[in-house]
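Asker: Compute the structure for the input listed below.
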Amino acid sequence: MKILQVHNEYQTPGGEEAVLEAERTILEQDGHQVKQWIARSADIKTASSAEKLRFSLNSVWSKQSYRQAKTILQDFSPDIVHVHNTVPLITPSVYAACQSEKIPVVQTLHNFKFVCPGSNLYRDGQVCEQCIGKSFTYPALLNGCYRRDYLSTAFLVSGLTFNRIRKTYSKEINTYVALTEFARQKFIEAGVEAEKIFVKPNFVTSDITPGNHDGNYALFVGRLITQKGIETMVKAWSLLEVKIPLKIAGSGYLSDYITANLPENVSYLGQLPRQEIINLMRNATLLVFPSEWYEGFPMTIVEAFATKLPVVASRLGGMAEIVQPGYSGWHFNPADAYSLASVVQDAWQNSAELKRRGELARQQFESMYSPRSNLEKLLDIYQETIHRARNLETSESVA
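Answerer: From the prediction side, this is the model:
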């Protein structure tokens, strides 16, 4: 099969870029031909103010990008196009180019940008769903939801509105990939046809081996920002009756808060290379994931599972789906330090249950988040998308 991957890199590359490369790797290893069309938003940093304005205006729908897409499609002749991100340089015009060449399109929903201009359904320190189901996402416009930048938010709202009016998302994208069933349901609530959305999680490509988990400490890994529940976690640790060692790895604007408010038995390690993080996971007793927004698909949890490390996570969004209570971890009430302290303490005092859930976490990783299981799901989605597109084309020609 010939697959064209389409992605507009973010100014600071991150998880989506890792997913793109992981999928390319497993597809090529399976004998498929993969071509990538990647635009690099980092180039915008050096652009003039006039050029930046032009990029913003064109991000809604670009004739230049449409022509470029047509050229790439005609030269490569893919069986399917898999889009990850189009904003701001590639633009949604790529979908129209694919339809004009009769090539089916799969779009991965890495976040909620198709229904929320801020992309994360989170505002003012709490989950926000005001724009779900609205054709014109005016709440985002009123609140400057994209980085508190009203002008940038206006461009994003305009782009969503324009492409909904011209039915870009409903007519020119054949199928969608949501990372969790939770996310799938949110997009259905927003008006996406249920039968068009498949669920396929992300996965880990590197060989992460199980650890001994004899380090006698809990572990937090992630950005030190409010949305990740850092303050809730620090407060919870001050409430523990049993003094449990906690190691915090990561960086962010709350790093000064962490260092100034460390309870007893808590150590701050700063930002660490990935392999050091994996080693910490292999020795830890428990991973704490106290996030207070929905998250997309937290790879930290999957990596923990790969090492046989069970997880305590917020009962919220995709986290509550990935971390299965009684199986691969425990849930606590989001933003509730007392609930977190109680759950951590109960889990910590039951070594047999910690070990059992760690074993089951590894089983969950192997069955759902390994390269082989992910490749099978991805190819099934491609084949079904191609099949549906052919049937639609046949029915339209008959009509």
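Asker: which residues of the stretch 251-399 of the chain score low on pLDDT?
Answerer: Along the stretch 251-399 of the chain, segments meeting pLDDT under 70 span 397-399.
Asker: so where do the helices sit in it?
Answerer: Listed in chain order, the helices of the stretch 251-399 of the chain (DSSP state H, counting those that start in this stretch) span 255-260, 274-283, 299-306, 317-322, 337-348, 351-368, 371-398.
Asker: Relative to Gln68, which of the ones you listed is closest?
Answerer: Among these, helix 371-398 comes nearest to Gln68, with 22.4 Å by Cβ to Cβ. C-betas here are computed from N, CA, C, even on glycine.
Asker: Outline the domain layout of the chain.
Answerer: For the chain, the domain assignment from automatic domain parsing gives the residue ranges 2-203+371-398, 218-368.
Asker: which residues of the stretch 201-350 of the chain fall in strands?
Answerer: With DSSP state E, counting those that start in this stretch, the ranges of strands along the stretch 201-350 of the chain come out as 218-221, 246-249, 266-270, 286-289, 311-314, 329-332.
Asker: Kindly compare burial across those strands and name the winner.
Answerer: Comparing those by mean neighbour count (mean count of other Cβ atoms under 10 Å), strand 311-314 ranks first with a mean of 27.
Asker: So which other helices or strands are in contact with it?
Answerer: Packing partners of strand 311-314 (3 or more Cβ pairs under 8 Å, 6 or more residues apart in numbering; DSSP states H and E): strand 286-289, helix 299-306, helix 317-322, strand 329-332, helix 337-348.
Asker: follow-up on the earlier one: dump the helices of the stretch 251-399 of the chain to TSV, plus distance to Gln107 and mean neighbour count.
Answerer: TSV is the format used below for the helices of the stretch 251-399 of the chain (distance: least, Cβ to Cβ, whole Å; neighbours: other Cβ atoms under 10 Å):
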stretch	distance to Gln107	mean neighbour count
helix 255-260	36	14
helix 274-283	28	17
helix 299-306	20	24
helix 317-322	18	22
helix 337-348	36	19
helix 351-368	22	17
helix 371-398	10	14
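Asker: Which among the ones you listed is found nearest to Glu172?
Answerer: In this view, the helices of the stretch 251-399 of the chain are compared for proximity to Glu172 by Cβ to Cβ, and helix 371-398 is the closest at 11.4 Å.
Asker: now the angle from that closest one to helix 351-368?
Answerer: If you take axes from the mean of the first three to the mean of the last three Cα atoms, to 10 degrees, helix 371-398 sits at 40 degrees to helix 351-368.
Asker: tell me what helix 371-398 is packed against?
Answerer: Here helix 371-398 is seen to pack against helix 15-29, strand 80-85, strand 105-109, strand 175-178, strand 197-199 when contacts are counted using 3+ Cβ pairs under 8 Å, 6+ apart.
Asker: Dump these to JSON lines, plus mean neighbour count, distance to Ile301 and mean pLDDT.
Answerer: Rendered in JSON lines, the data for the helices and strands packed on helix 371-398 read as follows (neighbours: other Cβ atoms under 10 Å; distance: least, Cβ to Cβ, whole Å; pLDDT from 0 to 100):
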{"stretch": "helix 15-29", "mean neighbour count": "17", "distance to Ile301": "13", "mean pLDDT": "93"}
{"stretch": "strand 80-85", "mean neighbour count": "24", "distance to Ile301": "21", "mean pLDDT": "98"}
{"stretch": "strand 105-109", "mean neighbour count": "23", "distance to Ile301": "18", "mean pLDDT": "98"}
{"stretch": "strand 175-178", "mean neighbour count": "23", "distance to Ile301": "17", "mean pLDDT": "98"}
{"stretch": "strand 197-199", "mean neighbour count": "18", "distance to Ile301": "16", "mean pLDDT": "98"}
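Asker: Next, format these as TSV and append distance to Gln349.
Answerer: Below are the helices and strands packed on helix 371-398 laid out as TSV (distance: least, Cβ to Cβ, whole Å):
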stretch	distance to Gln349
helix 15-29	34
strand 80-85	43
strand 105-109	40
strand 175-178	37
strand 197-199	35
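Asker: what's the distance between Arg356 and Tyr10?
Answerer: Separation of Arg356 from Tyr10 (Cβ to Cβ, to the nearest Å) stands at 39 Å.
Asker: Same question for Ser291.
Answerer: Taking Cβ to Cβ as the measure, Ser291 falls 20 Å from Tyr10.
Asker: Ser395 now?
Answerer: Counting by Cβ to Cβ, the gap from Ser395 to Tyr10 is 39 Å.
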